[in-house]
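J.: Kindly generate the corresponding structure for this input.
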Amino acid sequence: MKHLVLTGAVAALCACAPAPKNPPQTAANPAALQRVWMLTAMPGFNKAQLTAAQAQMDWRKLPRAGAYLGCNRLMFEAKPQADGSVSFGGIASTRMACPDLAAMEGGFARLLPQMNAYRVEGHHLILRGAAGEMRFVAQDWD
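T.: Residues are numbered from 1 along each chain as shown. Coordinates of the predicted model:
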């Protein structure tokens, strides 16, 4: 009988423990990351500018990834890890001349390799690094 009461007490205490707040998505659930992400916040640019450029990052074929910020296509490698770390490399771009968007594209290409951590909060992806934070929302979320 004591074991039954003790087991019940432990189960009740475990049920009261707070759930981890926004744990990072892991490799066990790659579908949560493998989607198109719309860029909504990036240092130096406001949401209206990013929305007008239809700025997005495509993680559907990880580790191959890409981005579009209104003119050129960027191709790169993205390696999110189960511990919430992420690394980026091999950034290349098409070379169309779009003077109005060059600063945004250049800013993205400079900031991305500096991002070294990620987390998913619902339908939002947040990249963080020494240079600040980049925020995205899942394209397929309404």
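
J.: from here on, contacts and neighbour counts on C-alpha atoms
T.: Fine.

J.: ok, now which ones touch the residue nearest the centre of the chain?
T.: When C-alpha atoms, centre = their mean is applied to the chain, the residue found nearest the centroid is residue 125 (3.4 Å). For residue 125, the contact set (C-alpha atoms under 8 Å, 6 or more residues apart in numbering) comprises 37, 118, 119, 135, 136, 137, 138.

J.: Max pairwise distance over the residues you listed: which two?
T.: Farthest apart among the contacts of residue 125 by C-alpha to C-alpha are 118 and 138. That separation is 14.2 Å.

J.: quick one, which of those two is more surrounded?
T.: residue 118 (24 against 21; other C-alpha atoms under 10 Å).

J.: That one: which element?
T.: Under the criterion of DSSP states H and E, residue 118 resides in strand 115-121.

J.: Mind giving me the packing neighbours of that strand?
T.: strand 86-93, strand 124-129 (3 or more C-alpha pairs under 8 Å, 6 or more residues apart in numbering; DSSP states H and E).
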